[in-house]
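Q: build me a model:
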Amino acid sequence: MSASPPISAIAGDAGWLAHRYDPGHDAFHFRELPRAARGAIPFLTDDYLGGPGEPVVLRRADCRAAPGTPLHFVFHSAYCASTMLAQALDQPGAASSLSEPVLLNDMVGWRRRGAEPREHGRVMAEALALLGRPFAPGEAVVIKPSNIFNPLMRGAMMLRPDARAILLYAPLRAFLLSVARKGLACRLWCRELLEHYLADGFVQLGFEARDYFRQSDLQVAAVGWLAQQQAFAALAAWAPDRIATLDSETLTGAPVAAVAAAMRHFGLDADEMRIAAHPALARNSKSGARFAAGERQRDLAAAEAAYGEEIGQVVRWAEVVAEQAGISLTLPKALAVA
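A: Numbering: from 1, shown residues only. As a prediction, the model looks like this:
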């Protein structure tokens with residue numbers, strides 16, 4: 001096995017992904033991942049990186065990166081074409097993107113286990129700086145965290161006061177249709193997400209803990225969606241000059257214009273011809289298979305036929321919950337998509 005490059009080479013090279021943080025040893029784990037390899041997978045997780053491999057482990061004190069690169073975020077509430085958007089924003093010379101880096105999940109888990117807040121903030125700042133290393137001078141970096149990171153959105157924005165964010169969401173009915181058609185594994189994932197959000201104190205909808213045991217899978221999914229919608233609206237009100245919102249129907253209905261508008265929001269040059277040629281707009285972001293014309297619409301129509309009655313009942317219930325909690329089903333500060 002070849003020797004690893006010097007510490008300074010790893011810490012300064014975006015081709016070495018900052019993949020994990022180990023608070024017990026105060027160390028970052030790095031995985032070698034060139035730009036082309038990063039763009040070929042939907043998520044920066046071990047499942048797609050090829051297993052644990054042989055990471056290079058460096059003490060945090062030895063690998064601090066300067067936070068000078070423009071860094072921006074796409075926060076999302078799942079099943080809203082966020083992976084497609086993140087991939088399309090990877091435009092050499094303008095920006096690179098990271099889709100759901102596990103390092104930020106580690107920040108969530110460590111906080112949940114009782115990390116001292118000031119120390120957590122220091123490490124989070126360094127983690128963002130390491131993730132924000134550009135492949136080329138002058139490029140920005142756009143991070144799309146997993147939505148389990150959403151309770152830490154404001155903290156990340158505070159650590160990077162020049163960062164901008166897009167809050168991407170699917171309309172409630174479209175979100176529930178996606179959950180229903182993806183089957184049992186997705187319904188279980190929605191319950192797991194709500195479990196995490198409850199542990200983080202992220203759900204402020206007036207329910208008691210026992211209420212969740214009485215809710216159907218799709219009601220639980222709707223609760224998670226409402227909690228994120230509530231947090232997105234609060235974040236947009238907190239930093240209105242830095243945040244824009246975007247819904248999945250606008251994104252998928254006019255992808256070139258939406259990606260261009262996102263790039264302009266991030267202060268990047270948007271070449272619509274180059275965006276239109278990006279392979280991310282013509283393929284399934286998870287499988288890599290090419291889209292068939294009207295595929296998404298047919299999938300949603302099939303889910304509507306199979307689950308429409310149940311979803312209608314849950315939507316009406318969620319609308320009442322939203323009204324009582326003062327949550328708008330449509331977010332303000334919509335991205336100006338031409």
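Q: could you use CA atoms for every contact and neighbour count after this?
A: Noted.
Q: low-scoring stretches of the stretch 151-300 of the chain, by residue?
A: Filtered on pLDDT under 70, the stretch 151-300 of the chain yields the residue ranges 284-289, 291-294.
Q: recalculate using a threshold of 90.
A: 209, 282-300 (pLDDT under 90).
Q: now the helices: where do they sit in it?
A: With DSSP state H, counting those that start in this stretch as the criterion, the stretch 151-300 of the chain has helices at 153-159, 172-182, 184-199, 217-238, 248-253, 255-265, 272-276, 295-325.
Q: kindly reformat the ones you listed as CSV containing mean neighbour count and distance to Glu139.
A: Below are the helices of the stretch 151-300 of the chain laid out as CSV (neighbours: other Cα atoms under 10 Å; distance: least, Cα to Cα, whole Å):
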stretch, mean neighbour count, distance to Glu139
helix 153-159, 16, 19
helix 172-182, 20, 33
helix 184-199, 16, 33
helix 217-238, 22, 25
helix 248-253, 17, 24
helix 255-265, 22, 12
helix 272-276, 15, 16
helix 295-325, 15, 32
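Q: dump the ones you listed into a markdown table; add distance to Pro92 as well.
A: Shown next, in a markdown table, are the helices of the stretch 151-300 of the chain (distance: least, Cα to Cα, whole Å):
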| stretch | distance to Pro92 |
| --- | --- |
| helix 153-159 | 24 |
| helix 172-182 | 32 |
| helix 184-199 | 34 |
| helix 217-238 | 29 |
| helix 248-253 | 22 |
| helix 255-265 | 13 |
| helix 272-276 | 11 |
| helix 295-325 | 28 |
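Q: and of the ones you listed, who's closest to Pro34?
A: Closest approach to Pro34 among these is made by helix 272-276 (21.5 Å; Cα to Cα).
Q: contact partners of the closest one?
A: For helix 272-276, contacts defined as Cα atoms under 8 Å, 6 or more residues apart in numbering pick out 88, 256-257, 259-260.
Q: out of the residues you listed, who's nearest Ala61?
A: Using Cα to Cα, Ala88 comes nearest to Ala61 of the contacts of helix 272-276, at 34.2 Å.
Q: the closest residue in space to that closest one that isn't next to it in sequence: what's it in contact with?
A: Using Cα to Cα, 6 or more residues apart in numbering and skipping the chain neighbours, the partner closest in space to Ala88 is Ala280 (5.5 Å). Contact analysis of Ala280 by Cα under 8 Å, 6+ apart lists 84-85, 87-88.
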